[in-house]
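Chemist: coordinates for the following, if possible.
(one chain, ligands or ions: 2)
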Amino acid sequence: MCFSFFKTNKSIAIDLGTANTLIYSKKHKKIILNEPSVVAIEKDTKRVLAVGNEAREMLGKTPDDIKAVKPLSEGVIADYDITEAMIKHFITKVFGKYHFFLPEIIICVPIDVTDVEKRAVLEAAINAGAKTAYLIEEGRAAALGAGLDISAPEGNMIIDIGGGSTDVAILSLGSTVVSKTIRTAGSNFDNDIMKYVRRTHSLLIGERMAEDIKIKIGSAIPLDEEETLIIKGRDLIMGLPKPVTISSEEVREAMMESLMQIVECVKWVLEQAPPELASDIVDNGIVMTGGGSLIRNFPKMISTYTSLPVRLADAPLESVVRGAGMALDLLDKLKKIDKAVR
Ligand SMILES: Nc1ncnc2c1ncn2[C@@H]1O[C@H](COP(=O)(O)OP(=O)(O)OP(=O)(O)O)[C@@H](O)[C@H]1O
Ligand SMILES: [Mg+2]
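Modeler: Ligands and ions are numbered 1, 2, ... in the order given. You can find the predicted model right below:
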């Protein structure tokens, strides 16, 4: 009795994202950690120097012997050891160094991860201190967190655009009926902007500046009033720092190919939908979530290309972890949950 109290009370949900890691606590009923998925390590010894916010500050600014890395790439684990160190660090930050009752952890993974990748995530959670670890597909978690009733016998469609991957899924009766994951998402837009600025303005800018440009003046279809932004980088010809003015039209043009890849993915999933579920989606519309969906007018763009109603979830950066937190109460109801026990 006492044991089960602690077991459930200490349960947490982790959205192990390419860009951000979030932890939801069942006990506190809220998100207790939200930090970038970045780790700073000493190159020679591989010693972890900083994790999360502190490590992000070092991105692109580290001296030669320190490396700031994103251990997840395109939504999957690119560096297993560093991912495990990051999970351990965050769990210790949340529970303290000497946690006696190891938590039950549910972690989100993209829909199309391989069995090997699934085992890697489960093992990382167990090695990081979990007693039992579960996996839930990001799409399912995102749909739950966005308030969709995925257990109902009707079709619901979710688009989760993260930093490294876009998951598009149609769900019904608690299961994913049709889905597709593509590796085009938020960080692709940043790369597109970096390349564009280099090509057309002969200016070298860093990842963080590119992300800033995207967030400040990025849009998927024309804005009522187009905007401009002064950006700073290194002039490719003179080699010196230089400011340049860039317009929202240019940023849109830079991102267009990636935006269209996401549109094509959405259309593909719709085309695979069984007719009954397709007709539900005409009524229910599509819900967009994930940080990448915050690009202005993106829902409008998807709506234009699909002729369906599209809305943005309430807190797009939090839907996945909130949904995973809700899934902790539904473990027996959700079909096909991968699990590992210490
Ligand atoms: N206001 C905004 N406008 C445009 N993009 C944004 C905005 N806010 C955040 N983003 C982008 O959202 C992305 C991060 O979203 P999110 O936290 O959902 O990703 P993630 O879950 O870490 O990644 P993934 O699900 O692919 O593993 C980043 O690329 C970030 O630049
Ligand atoms: Mg995500």
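Chemist: hey, let's count contacts and neighbours off CA atoms from now on
Modeler: OK.
Chemist: and this protein, which residues reach ligand 1?
Modeler: 17-20, 75, 162-165, 186-187, 211, 214-215, 290-292, 294-295, 317 (CA under 6 Å from any ligand atom).
Chemist: so where do the helices sit in the stretch 151-300 of the chain?
Modeler: Ranges of helices in the stretch 151-300 of the chain, per DSSP state H, counting those that start in this stretch, are 186-201, 207-217, 248-272, 275-284, 298-306.
Chemist: which parts of the third one are buried?
Modeler: Taking 16 or more other CA atoms under 10 Å as the neighbour-count basis, helix 248-272 is seen to contain the buried residues 248-256, 258-260, 262-263, 265-266, 269-270.
Chemist: and what of stretch 51-63?
Modeler: Val51, Gly52, Ala55, Arg56, Glu57, Met58, Leu59.
Chemist: what's in contact with that stretch?
Modeler: With contact meaning CA atoms under 8 Å, 6 or more residues apart in numbering, stretch 51-63 is reached by 35-40, 49, 67-69, 86, 89, 206.
Chemist: setting aside sequence neighbours, what's the nearest residue to the residue of the stretch 151-300 of the chain found nearest ligand 2?
Modeler: Nearest residue of the stretch 151-300 of the chain to ligand 2 (CA to the ion) works out as Gly162 at 4.5 Å. In space, and not counting its chain neighbours, Gly162 is closest to Gly290: 4.9 Å by CA to CA, 6 or more residues apart in numbering.
Chemist: for the one you found, give its distance to Lys93.
Modeler: Plainly put, Gly290 is 25 Å away from Lys93 if you go by CA to CA, to the nearest Å.
Chemist: ok, those two, which is more surrounded?
Modeler: Gly290 (25 against 12; other CA atoms under 10 Å).
Chemist: ok, the more buried one touching Pro316?
Modeler: Yes - look at Gly290 against Pro316 with CA atoms under 8 Å: they come within range, at 4.7 Å.
Chemist: does stretch 274-292 reach ligand 2?
Modeler: No - for stretch 274-292, no contact with ligand 2 is found by CA under 5 Å from the ion; the gap never falls below 5.9 Å.
Chemist: chain center to that stretch: distance?
Modeler: Going by CA atoms, centre = their mean, to the nearest Å, the spacing between the C-alpha centre of stretch 274-292 and its chain's C-alpha centre is 20 Å.
Chemist: buried residues in it?
Modeler: Under 16+ other CA under 10 Å, the buried positions of stretch 274-292 are Leu277, Ala278, Ile281, Asn284, Gly285, Ile286, Val287, Met288, Thr289, Gly290, Gly291, Gly292.
Chemist: show the average pLDDT along it.
Modeler: Stretch 274-292 shows a mean pLDDT of 96.
Chemist: what is the burial count for Thr200?
Modeler: Counted by other CA under 10 Å, the residues lying close to Thr200 total 9.
Chemist: ok, now which ones touch it?
Modeler: Counting by CA under 8 Å, 6+ apart, Thr200 makes contact with nothing.
Chemist: let's number from 120 now, not from 1
Modeler: In the new count, where the first residue is 120, that last one comes out as Thr319.
Chemist: near ligand 2, which residues of the protein are found?
Modeler: Within the chain, the positions near ligand 2 by CA under 5 Å from the ion are Gly136, Gly281.
Chemist: can you list the domain ranges for the chain.
Modeler: Per automatic domain parsing, the structural domains of the chain span 121-260+439-460, 270-303+376-433, 305-373.
Chemist: which of those comes out lowest on mean pLDDT?
Modeler: Across the domains of the chain, the stretch with the lowest average pLDDT is domain 121-260+439-460; it has a mean of 84.
Chemist: list the contacts for Thr347?
Modeler: Contacts of Thr347 (CA under 8 Å, 6+ apart): Ile336, Thr364, Ile365, Ser366, Ser367.
Chemist: which of the residues you listed sits closest to ligand 1?
Modeler: Comparing those against ligand 1 with CA to the nearest ligand atom places Ile336 closest, at 8.6 Å.
Chemist: wait, the closest one sits on Glu369?
Modeler: No - using CA under 8 Å, Ile336 makes no contact with Glu369, being 9.7 Å away.
Chemist: beyond the strand or helix carrying Ala174, next helix or strand please.
Modeler: Per DSSP states H and E: Ala174 is located in helix 172-175. Counting by DSSP H and E, the next helix or strand C-terminal to helix 172-175 is strand 185-188.
Chemist: and the next element down the chain from that following strand?
Modeler: strand 191-192.
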